[in-house]
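> Predicted model and sequence follow; I will ask about them next.
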Amino acid sequence: MNPYIEILRPGNAVMALIAVLLMAIIGHTYNWEIILGAITVFIATGSGNTINDYCDYEIDKINKPYRPIPSGKIELKTALYYSLILFIIAIIMGFIISIENGVMVIICTILMIVYAYDFKRRCLIGNITVSLLTSLTFVFGGLITGDVIVSMLIGLFAFLMTLSREIIKDVEDVEGDLREHAHTFPIVYGKRNAIIVAVILNILTCLLSPILYILNIFTISYLVIVLIADIIFIYSAVLALKDQSKENLHKISTYMKIGMFIAFISFAIGSII
């Protein structure tokens, strides 16, 4: 893969793009603003991932040496300039859609930069920031479709799912974070306690998932599909409690990403069938 595409972490960026398209399906709104909004979120998320890799250069040399910067595929300064250019493009595109969307891109840009430079290494603040940014992608789409309240409810579930996964990832990265004197949740309170919090968040997400059906936001088909995601989250929780090795936690993180994707599918199917 081209390193300038790879550093955007297109998998994560596509997940953000899908959030906007989901709001289009849920709100039955299909126009040029939605397409532009999806591209904007993709670029903004990619630029956030790039600035994060720039700031995490030393940590990634230990935890993820295969990434474009530590592997030498992209120079450090080049990554910084690349990220800033993408941020500017995303902000301009946001304002083309609407003033509200443009302001939201600015807010998210600030959050991503501050996260990369500071919040990432602070106990829970970094995790909460990433989770908030994930939930705001739905709100960004809701501003376009006019379904702001619904987008905030869906964003809440995205927040809980992401927060659990982010804590799991922090436990996985403890070795490198310790060398950089980071103050992540598992470093401050211990791996076991971090895993327990992640498991509680997983279970809470599963218990709350029927609410979107009860409030008549989605049809019964949503419940059937989201049950699959719930099973994956519960299975991930059981695995995490049994084994906290780096290899197992990486596998769990992947499972949770799959679970989130299935949950997103349930939102779409539940709004049209």
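Okay, I see it. Residues are numbered from 1 along each chain as shown.

> Which residues belonging to stretch 265-273 are considered buried?
Residues of stretch 265-273 classed as buried: Ile265, Ser266, Phe267, Ala268, Ile269, Gly270, Ser271 (neighbour count, 16 or more other C-beta atoms under 10 Å). Every residue, glycine included, has its C-beta placed from N, CA and C.

> my guess is the first one contacts Ile225, does it?
Yep, that's Ile265 we're talking about. Yes - counting by C-beta atoms under 8 Å, Ile225 is a contact partner of Ile265 at 6.1 Å.

> what about the protein, any weak spots by pLDDT?
Residues of the chain that meet the criterion pLDDT under 70 lie in 61, 63, 176-182, 243-244.

> which residue is nearest the middle of this structure?
By C-alpha atoms, centre = their mean, the chain has its centre lying nearest to Thr134, at 4.4 Å.

> How about the contacts made by that residue?
Neighbouring residues of Thr134 by C-beta atoms under 8 Å, 6 or more residues apart in numbering: Ala16, Ala19, Gly155, Ala158, Phe159, Thr162.

> you'd agree the last one is up against Ser135?
Translated: Thr162. Yes - between Thr162 and Ser135 there is a contact under C-beta under 8 Å: 7.5 Å.

> got the residue ranges for the helices in the protein?
With helices called from DSSP state H, the chain shows them at 3-6, 10-26, 32-55, 57-63, 76-97, 99-117, 125-145, 148-172, 174-179, 185-189, 191-208, 211-214, 220-242, 246-272.

> Report the angle between the third one and helix 10-26.
Between helix 32-55 and helix 10-26, the angle formed by their directions is 160 degrees, by axes from the mean of the first three to the mean of the last three C-alpha atoms, to 10 degrees.

> Which neighbouring elements make contact with helix 32-55?
The helices and strands touching helix 32-55, judged by 3 or more C-beta pairs under 8 Å, 6 or more residues apart in numbering; DSSP states H and E, are helix 10-26, helix 76-97, helix 99-117, helix 125-145.

> Just the C-alpha atoms of the longest one, please, in PDB.
Output of helix 76-97 as PDB, limited to C-alpha atoms (Å, rounded to 0.1, in the frame of the first residue of the first chain):
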ATOM      1  CA  LEU A  76       8.800  13.000  10.100                       C
ATOM      2  CA  LYS A  77       8.500  16.600   8.800                       C
ATOM      3  CA  THR A  78       6.700  15.400   5.600                       C
ATOM      4  CA  ALA A  79       4.100  13.700   7.700                       C
ATOM      5  CA  LEU A  80       3.400  16.900   9.700                       C
ATOM      6  CA  TYR A  81       3.000  19.000   6.600                       C
ATOM      7  CA  TYR A  82       0.800  16.300   5.000                       C
ATOM      8  CA  SER A  83      -1.500  16.200   8.000                       C
ATOM      9  CA  LEU A  84      -1.900  20.000   8.200                       C
ATOM     10  CA  ILE A  85      -2.700  20.300   4.500                       C
ATOM     11  CA  LEU A  86      -5.400  17.600   4.900                       C
ATOM     12  CA  PHE A  87      -6.800  19.400   8.000                       C
ATOM     13  CA  ILE A  88      -7.200  22.600   6.000                       C
ATOM     14  CA  ILE A  89      -8.900  20.800   3.100                       C
ATOM     15  CA  ALA A  90     -11.300  19.100   5.400                       C
ATOM     16  CA  ILE A  91     -12.200  22.500   7.100                       C
ATOM     17  CA  ILE A  92     -12.900  24.100   3.800                       C
ATOM     18  CA  MET A  93     -15.100  21.300   2.600                       C
ATOM     19  CA  GLY A  94     -17.000  21.400   5.900                       C
ATOM     20  CA  PHE A  95     -17.900  25.100   5.400                       C
ATOM     21  CA  ILE A  96     -19.000  24.300   1.800                       C
ATOM     22  CA  ILE A  97     -21.600  22.100   3.300                       C
END
